[in-house]
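Visitor: A predicted structure for the sequence below; I have some questions about it.
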Amino acid sequence: MSGAASRALACFTLIAGSVFGQSFYLSNDAVPRKETVELTIDPARETFEGSVSIDVELRGLDSTIWLNAKNLTIGSVFLVVGEDTIYPTEVIRRSDERIGIEVGDQTGRVAIQIAYQGRLDDKALSGPYRRKVEGEWYAYTTFAPIEARRAFPCFDEPRFKAPWDISIRVKRENKAFSNGREISETEEPNGWKLVEFATTEPLPAEMVAFAVGPFDIYRGEPAGHGTPVRVITAKGHAAEGHAAAQATAAILPRLEAYTGIPYAFGKLDHLALPAGAFGAVENPGLITYRTRNLLVPPNQESATFAHAIRALQAHEIGHQWFGNLVTQASWDDVWLSEGFATWISNKMMDQEEPPERLHLAAIAARERMMEVDNPARSRPVRIAINSREIALDVYNRVVYEKGAAILLMLEGWLGEDRFHDGLRAYLNEHRFGNATTDDLVAALRAASGGVDTSRVLNSFLNTVGVPELRGQLLCDRGAAPRLRVTKASPGAVPVCWRADRVASSCTVLEGPSTEIALPTGTACPAWFYLNSGGTGYYRTRWTQAPLLALRELTDAEKLTLVYDFRASKNTSAQAALARLASDADPEISNAAREALK
Ligand SMILES: [Zn+2]
């Protein structure tokens, strides 16, 4: 997901106020194993017909199966037991968000078949909805996080991943798209046809997508390990998809190379939405974007647009590993999707920069996050999501930006290679399944020779605020030099530091202070720096600027220093900022000039 915050608020405001009589979450007593959906959609009509057959494993003794459904008019309901025993049954209870179906004393595997009618709102930004574009009607979907239930009865939580068989009956003049590739198109009477899509890999309901209308298609070259790429536009706009297809050709191979896992979802379509709750949504096989983020007339293509769409696709296609191949087990851990997608977009885009500019974009984004990371203006990355109203906040900016900054810090602390190994192991171990923050911790521990990241992660994910560190060199006559590091806030902080003629090393500061002995035989260093690599999510409070060090620092460290100075506002900071204002890198000099104002 991209560009969530403001539009999501607008959209959720429309649907807030619903009443929950029960827990927000479904029980563990019924687990979906496959969902088969057949829809009949004419976007010119405000309703559509659907039928689902959901294979369910019953694990408990509850005589009612609960599943999510919202604003659906339920028709017939059947329970299928074994090969061919079919019982009519019924919805015996319902609330705004779910229906309860009577299954008696059945256990094991059953199938629930439900026929229903749903709505294609022409004002909504989420669920299934429709819009008129240049005189033609189109149907679209935006489900994340909890609106798939408006399109079909389903188990609408990220932990319930199952394969989906989707087919859509449409008028012959229309096209239909979904996550899977089209496998057949069958003519039907009265001007209809049935379009059938390949079974998907296991997906949570919120990542299912479809679209119906007189679309046009721009066909790109296959990307990476041979993935077919298309850009799907409103009628007459296919040529505007060229830049997006070019971006995929550049980005997909980089992501495959980094993860070591080929793109897993068959084909890759990018579809333009005239309206939606988000800037883009990463549905596997059918990523959707607001039109202006995806399409550009060929004569208006520019380097700026091309860069922006590569960065956006690096986020959305990055989700195909972080979020789709491996899905957070609950929305509480949505940072495992959005933090990673934000982090990996920066990483992929850094590959286009000269090496000295490594992390500069991520550090600038981190600074924008740090400026608001206080209790008055922010919230923790991880909060419990337990109502539709709190679901309002699932895609809060902090989940993206602080989540990404925490990953940058972990990478700097553990080292790029060990972090990379840990992520590959995490993706392989949980491929097509779910994972939690604890699973990430376990993978990083194994890859790093036993480093436990859990206390650091809990500190940074569960609390608001930016730790502030102070450092002091202790060079007493007759004693080996030491570096004292202190902080005022609670929580564990991985501090990576270096000093004149002392290579970088990291220590986890758990309490208020620690003293680190410098390597034996080290003379008192002329300078030290408390955020080596510039990757830490903390500020250093400098009482005396490390002026001597400026020419020894990397660009990432200098940019971090500019932001530290700006926050500290003391006189020695002003002198250092004046020097940094003439730095050769425009990101650093501009930030320093800005800080001097
Ligand atoms: Zn995202």
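Guide: Received the coordinates, thanks. This one's a predicted model, so the numbers in the text were calculated from it and none came from an experiment. Residues are numbered from 1 along each chain as shown.
Visitor: distance of residue 449 relative to residue 255?
Guide: Using CB to CB, to the nearest Å, residue 449 is found at 27 Å from residue 255. Using the backbone N, CA and C atoms, a C-beta is placed for each residue, glycine as well.
Visitor: what's the burial count for the residue in the chain that the ion sits nearest to?
Guide: In the chain, no residue comes nearer to the ion than residue 1, which is 3.8 Å away by CB to the ion. Look at residue 1: counted by other CB atoms under 10 Å, it has 25 neighbours.
Visitor: who has more neighbours out of residue 449 and residue 255?
Guide: Ranked by neighbour count (other CB under 10 Å), residue 449 and residue 255 place residue 255 first, with 25 against 8.
Visitor: wait, the more buried one touches residue 316, no?
Guide: No: Residue 255 is beyond contact range of residue 316, at 10.5 Å (criterion: CB atoms under 8 Å).
Visitor: where do the strands of the stretch 1-150 of the chain begin and end?
Guide: Here the stretch 1-150 of the chain has its strands, by DSSP state E, counting those that start in this stretch, at 30-40, 47-58, 64-68, 73-81, 85-89, 91-94, 98-102, 108-119, 127-133, 136-142.
Visitor: mean pLDDT added to those, as JSON lines?
Guide: Shown next, in JSON lines, are the strands of the stretch 1-150 of the chain (pLDDT from 0 to 100):
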{"stretch": "strand 30-40", "mean pLDDT": "98"}
{"stretch": "strand 47-58", "mean pLDDT": "98"}
{"stretch": "strand 64-68", "mean pLDDT": "95"}
{"stretch": "strand 73-81", "mean pLDDT": "96"}
{"stretch": "strand 85-89", "mean pLDDT": "93"}
{"stretch": "strand 91-94", "mean pLDDT": "88"}
{"stretch": "strand 98-102", "mean pLDDT": "95"}
{"stretch": "strand 108-119", "mean pLDDT": "97"}
{"stretch": "strand 127-133", "mean pLDDT": "98"}
{"stretch": "strand 136-142", "mean pLDDT": "98"}
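Visitor: with distance to residue 161 and mean neighbour count added, can I get the ones you listed in JSON lines?
Guide: Output for the strands of the stretch 1-150 of the chain, formatted as JSON lines (distance: least, CB to CB, whole Å; neighbours: other CB atoms under 10 Å):
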{"stretch": "strand 30-40", "distance to residue 161": "9", "mean neighbour count": "20"}
{"stretch": "strand 47-58", "distance to residue 161": "13", "mean neighbour count": "19"}
{"stretch": "strand 64-68", "distance to residue 161": "15", "mean neighbour count": "22"}
{"stretch": "strand 73-81", "distance to residue 161": "22", "mean neighbour count": "16"}
{"stretch": "strand 85-89", "distance to residue 161": "26", "mean neighbour count": "13"}
{"stretch": "strand 91-94", "distance to residue 161": "25", "mean neighbour count": "14"}
{"stretch": "strand 98-102", "distance to residue 161": "19", "mean neighbour count": "21"}
{"stretch": "strand 108-119", "distance to residue 161": "17", "mean neighbour count": "18"}
{"stretch": "strand 127-133", "distance to residue 161": "20", "mean neighbour count": "22"}
{"stretch": "strand 136-142", "distance to residue 161": "18", "mean neighbour count": "24"}
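Visitor: distance to the ion added to the ones you listed, as a markdown table?
Guide: As requested, those are exported to a markdown table (distance: least, CB to the ion, whole Å):
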| stretch | distance to the ion |
| --- | --- |
| strand 30-40 | 24 |
| strand 47-58 | 27 |
| strand 64-68 | 22 |
| strand 73-81 | 33 |
| strand 85-89 | 39 |
| strand 91-94 | 32 |
| strand 98-102 | 27 |
| strand 108-119 | 26 |
| strand 127-133 | 19 |
| strand 136-142 | 13 |
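Visitor: so what's the residue count around residue 390?
Guide: Other residues close to residue 390 by other CB under 10 Å number 13.
Visitor: would you map the helices across the stretch 101-250 of the chain?
Guide: 242-259 (DSSP state H, counting those that start in this stretch).
Visitor: low-confidence ranges in it?
Guide: Within the stretch 101-250 of the chain, no stretch falls below the threshold (pLDDT under 70).
Visitor: now do the contacts for the spatially most central residue of the chain.
Guide: With distances taken as CA atoms, centre = their mean, residue 338 lies nearest the centre of the chain, 2.4 Å away. Taking CB atoms under 8 Å, 6 or more residues apart in numbering, we find residue 338 in contact with 1, 323, 395, 399-400, 403.
Visitor: list the buried residues for stretch 490-509?
Guide: 491-500, 502, 506, 509 (16 or more other CB atoms under 10 Å).
Visitor: stretch 444-464 now?
Guide: For stretch 444-464, by 16+ other CB under 10 Å, it's 444-448, 451, 453, 456-457, 459-461, 463-464.
Visitor: so which of those residues reach the ion?
Guide: Among the buried residues of stretch 444-464, no residue sits close to the ion (CB under 5 Å from the ion).
Visitor: state the pair within those that is farthest apart.
Guide: 446 and 464 (30.5 Å; CB to CB).
Visitor: write out the residues of this protein neighbouring the ion.
Guide: So far as CB under 5 Å from the ion goes, the chain lies against the ion at 1, 338, 341.
Visitor: do that again at 6 Å, thanks
Guide: Taking CB under 6 Å from the ion as the measure of proximity, the chain contacts the ion at 1-2, 282, 315, 319, 338, 341.
Visitor: columns distance to residue 439 on top of the strands of the stretch 1-150 of the chain, output as TSV?
Guide: Output for the strands of the stretch 1-150 of the chain, formatted as TSV (distance: least, CB to CB, whole Å):
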stretch	distance to residue 439
strand 30-40	19
strand 47-58	23
strand 64-68	25
strand 73-81	35
strand 85-89	38
strand 91-94	35
strand 98-102	28
strand 108-119	28
strand 127-133	31
strand 136-142	28
